[in-house]
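Q: no sequence for this one, just the structure:
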């Protein structure tokens, strides 16, 4: 699904699009300018009483690296869990349809309705998570009365699940309790997917934590040139920018991953996932009309 | 749900409310004053036999950083698990109601009773975990006789689940064993939520562990100015406060996250979660009266 | 359940009871004396060919810190898993009783028997894990014939589960297969709790691992004064004891957590957990006689 | 299954095939040549204004090591999860067949058909994940009409599961709903295996993350000789190559593990796993024709 | 089950049997001799152009410690998962027998057959994982015809599960579909145990990974004396051996844990686990003949 940029180790060093480097270049430039200024003021340095050595920065650097490492694994865990939950969505959308096709009397119209409800649920989840407008997408899949219920609801996704439950309840006569429960279970699983996504979206990692690390990283990078200049002199800007890059890039990336449902470069490709689910379900139900497959743009990014 | 403070990297450096910095400012001030005193006494320093270098502090600093990193991930795991369990609460409250509406004969009154029991369970859980008084909240949802049973119980939340089980048992005639068991399963899941919350609230991480780290961090910060002063002289207070900030802030934050059900800035917004569940359930049951939605205060905090 | 010692950061620095500091004070005193001796012999130092710098100790210190961090997370994971399993015990004890009360004809006598079997199982598990005598506790809950079977068994807890299974089998006529299976499932879950506890108790982390770290930590602390003395002179004992405290305390705590079912300060409060389960079950079954609630002692410890 | 190379610690030092060393030898050679060049230019060094010390590299080295450690555990987690999912495939292929043999009337022909469908699913999954051509393998297991459906599908593996579901639906008359559901559950589990593999294959870890570490590692290795040369002089190339080996090898290995379904040395042996499943299923169904067992090649590698 | 060696912190320092120290003593001796040689050649040292400082070794040491820490947690996770899976074996062996005794008509002969099959499965699993001969153990539990089928099979453990499934299928008449499925589920769980063990045994962590770390650790230890000798002189051998011990011991232990089913000191006590399961099952089925309990040898080791 996702085409990857050049694989050769040398070519990789020069990738620009989609990299964090592009995003933080201004901050690194500021760091560079600060370093140059520090070199310029070195003669007045001691007179100003500024006296910094690398030793305390070594303690700090390691401590910050450890805490950043922890923050990264926390944020990546959110990204990963979000993807896992969307994987559950794929599984239960397919299994619900497959089982429904096996168990319910052949009625293409009704199964088409179910497919529409499932696809509407996926799109509604995607749009809610990204805080977009729902109506111009959902009206492709829902009837007018369903549309009205969903748009007036406090929790549109949950309302679509309610409608799906009503669809199933209307077909309960042809099913034994065991088979009814089997299908109902899949709807419960979709409800678990919904609640899981809401949980990730609504409960960011403790704000004080990211704030503290953010502050520590930036203060560290600001003080760094002062500590390096006596040892490195003219090499200060290069080393300072390099170290700052390592720390600031990780902090920035952690911030991106913190909200995996966003639309930044490294967020989950929800559009592509919804598109894929729709193609799969339409094909499983032997429908003629399938949407075209979304492809990555020329910077290898899917949205 | 949670509105986040300024997103720009520069603006973020100056956020005050909700940050740990506000909480530990006195301790950092003490550290600053100690550093100034140390500079002042530097001439008598050698005479007093005090002779500290940064080398052993480098070993200690890294060791403490590693152990703090571990403590943070432990405490964050508690926070995260607590949120997961409340996510389960959301899932099973909704699914129990949805399935009950499908399976039980249309009787708005009885379903209204079920909704009340579920909402009472959520509030009771929230209030028990925060050690608050129950009666003035629960009497909105429970009948007088239920109220009496709950208030006299050793474990009020468990008693509400018992009442819920009795509600279901009274409706067992209209249900096959399979469907009865389906609904009963959801009550079992709510019981698992209850036991999970009790577990987190009643079993803090080993006390000796947090005590040891607490002591190590503070001793380290007290000895730090003595080790830095010979190298850094007038810069000592700034570097010392910066390093102390990094370590003390993490220790303090870990302590906050340790008890995720508290009411400090970075604890779980249980009030908002209960409010959300109530709105969802009322809406699913097509009830007219819904509570107003809780919104974050002007410091972006939900309780 | 567990009352926590002083919360103020300053008061916390002076807590003694329940801390690891109390336990390792002798070892730290030995380290202090060694350091003093080393200072005393400093003049003869070079003549003896002893020449140590902090550089290799820096490498070692960081390496040991990383490995101790890993060992701590391993041992804490055991503690945590043990608590999780006891949480499962709480859940299934309650759910088994709640479902039995719903499904079985009202017969207070028989349910009282079930409650007794469940409580006996909990106490038996607790006493087996702590290698205590069973008979003077279990005879409060079991009939004479049950007592005989349990005491002659190779695995008393498993025998109680067998008796519980027989209790259920005797009531199978009034139950459909589905409901019988529902109740039987809870007994299976109690069997999983038993096997989980046995697993943790009988399979400590690889012995060579804790041995190696133990040795490394103590050798490091013994050699430390020799490495510090040339730089720090009279400050050696203080810094050496401080670093030793950090490392030895963590090693000792890891050893305590390794066996979470023990009776040391930081082990799980199994007595209180059993007591709680008994109170809950008696209350759920509306029995008059309930045991008194266990409270923490004046050092905030529960057993 | 996988024969391991020499176990003796000394012999192990000289293994070449399958090691990362073979793969990155060119890059290490470049690093060696750069180091030699740097020694050669040392006299002009100061005149060029190049002045680097090891102190900032120590900070960087530790930070990069921590981030590489995190990246490695992330990539290894993908490898591990991929293997777990293929383990699920083994479990459900066997259990589906075993249960089908127990429950369905003895009809060797039909069970042979099921075995063929299961084996086709495994091979189809393997070939799709490795982006290989499907038709010349699958036509050994599928009928012509099945083959046509599968090859025209957007998701061939999912189509095979649909056919498997139809096979089961055609046998529904002889089965009670409970037993039908039992078998259907195994097909659902195979669907979960499929979606799990798709998830891993289609969602690499955030690209910016690996890019950033890749860049940092290589920049670090390029700057290293300049920092080491003043201290180590003629030893620079050896130490520089050794440090570079440690960092570059880990980065390269992480990249290999990132895509566990590839065909590089350290990827999962999907061919051998499919071969094993086929032998097991044929044997369980008492079929005469079994494929030969795949054995590792002379470099101990399975594909 | 496992008696632990001396618990006192001082006595523990001198444990020899079962420690990794015993295993790697030759390698440490070689390191000691190398260090002595290096001291001897010190005068010619500079002339040979060898010039090493501890600074780059500090970077390397920390990096290797981090990677070793990761490798250890990976290998320990395998050990832990293997133990978990054997815990599942215990659970399902007991639960299958307990449920079978409840549900099937009293027929001691048939239940004895089931016990034999279960015990045979455990022993077969143990012997296969340890690549031992099966026949002289299994013929104690299996009939002659079963024995023939098992010994001719490509996967003996799986064949025993097939026979167990046939035993259950032969008793299907007396059981409703729900109860049949309950028992069958336990056999499926045993199949999951089998596949889990196969997965761990057949998929070691990527070989290149352990190779790389192995090489890095040994090169580091070989170069260490050269770097230490200028600073430490006569103390070099002691410090060098101590550091080497820390790193080599961890590498060696990781290798032992990598294959948890082996027969080295720190591997899982599969013999004792099988013995325990057999005693439990015989006792639960009230059989007279039970095997004697396996006890640890005088070095506190179980096999």
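A: Good, I have the coordinates. Because the structure is a prediction, the values reported are computed rather than measured.

Q: For the rest of this, base every contact and every neighbour count on C-alpha atoms.
A: Will do.

Q: I figured residue A:193 hits residue A:84, correct?
A: No: assessed by CA atoms under 8 Å, residue A:193 is found out of contact with residue A:84, at 9.5 Å.

Q: Which one's more surrounded, those two?
A: residue A:193 (22 against 17; other CA atoms under 10 Å in any protein chain shown).

Q: pLDDT score for the more buried one?
A: Here, the pLDDT recorded for residue A:193 equals 97.

Q: Next: the one 3 residues further on.
A: At residue A:196 the predicted local distance difference test score is 96.

Q: so residue A:147 makes contact with residue A:140?
A: No: the criterion here is CA under 8 Å, and residue A:147 misses it with residue A:140 at 9.8 Å.

Q: Between these two, point out the one with more neighbours.
A: Counted by other CA under 10 Å, residue A:147 and residue A:140 do not tie: residue A:147 has more neighbours, with 18 against 12.

Q: centre of the chain versus the helix or strand harbouring the more buried one, how much separation?
A: Secondary structure from DSSP states H and E places residue A:147 in helix A:144-151. Computed by CA atoms, centre = their mean, to the nearest Å, the chain-centroid distance of helix A:144-151 equals 29 Å.

Q: and that helix, anywhere near chain B?
A: No: Helix A:144-151 does not reach chain B (CA under 8 Å from any CA of the partner chain); its nearest approach is 10.9 Å.

Q: Contacts for the following helix or strand past that helix, please.
A: Going down the chain from helix A:144-151, the next helix or strand is helix A:156-170, by DSSP H and E. For helix A:156-170, contacts defined as CA atoms under 8 Å, 6 or more residues apart in numbering or on different chains pick out A:114, A:117, A:120-121, A:124-125, A:146, A:149-150, A:153, A:180, A:183-184, A:187, A:190-191, A:194, B:98, B:102, B:284.

Q: just the buried members of these?
A: Buried by 16 or more other CA atoms under 10 Å in any protein chain shown: A:114, A:117, A:120-121, A:124-125, A:146, A:150, A:180, A:183-184, A:187, A:190-191, A:194, B:98, B:102, B:284, out of those.

Q: quick one: which of the residues you listed sit in helices?
A: Counted as lying in helices by DSSP state H, out of the buried ones among the contacts of helix A:156-170, are A:114, A:117, A:120-121, A:124-125, A:146, A:150, A:180, A:183-184, A:187, A:190-191, A:194, B:98, B:102, B:284.

Q: Show me the strands in chain A, by range?
A: Along chain A, no segments are classed as strands by DSSP state E.

Q: Low-confidence ranges, it, go.
A: Within chain A, the set of residues satisfying pLDDT under 70 comprises A:1-5, A:17-18, A:298-300.

Q: what does it put close to chain E?
A: Counting by CA under 8 Å from any CA, chain A has no residue next to chain E.

Q: Spatially central residue for chain A, please.
A: residue A:260 (1.8 Å; CA atoms, centre = their mean).

Q: any idea how far that residue lies from residue B:75?
A: 23 Å (CA to CA, to the nearest Å).

Q: Please apply the same query to residue A:221.
A: 28 Å.

Q: Likewise for residue A:273?
A: Taking CA to CA, one finds residue A:273 at 34 Å from residue B:75.

Q: and what of residue A:122?
A: 34 Å.

Q: Between those two, which is the more surrounded one?
A: Comparing residue A:122 with residue B:75 by neighbour count (other CA under 10 Å), the higher total belongs to residue A:122, at 28 against 22.

Q: which residues sit in contact with that one?
A: Here residue A:122 is in contact with A:89, A:274 (CA under 8 Å, 6+ apart).

Q: mind running it again at 7 Å?
A: Listed by CA atoms under 7 Å, 6 or more residues apart in numbering or on different chains, the contact partners of residue A:122 are residue A:274.
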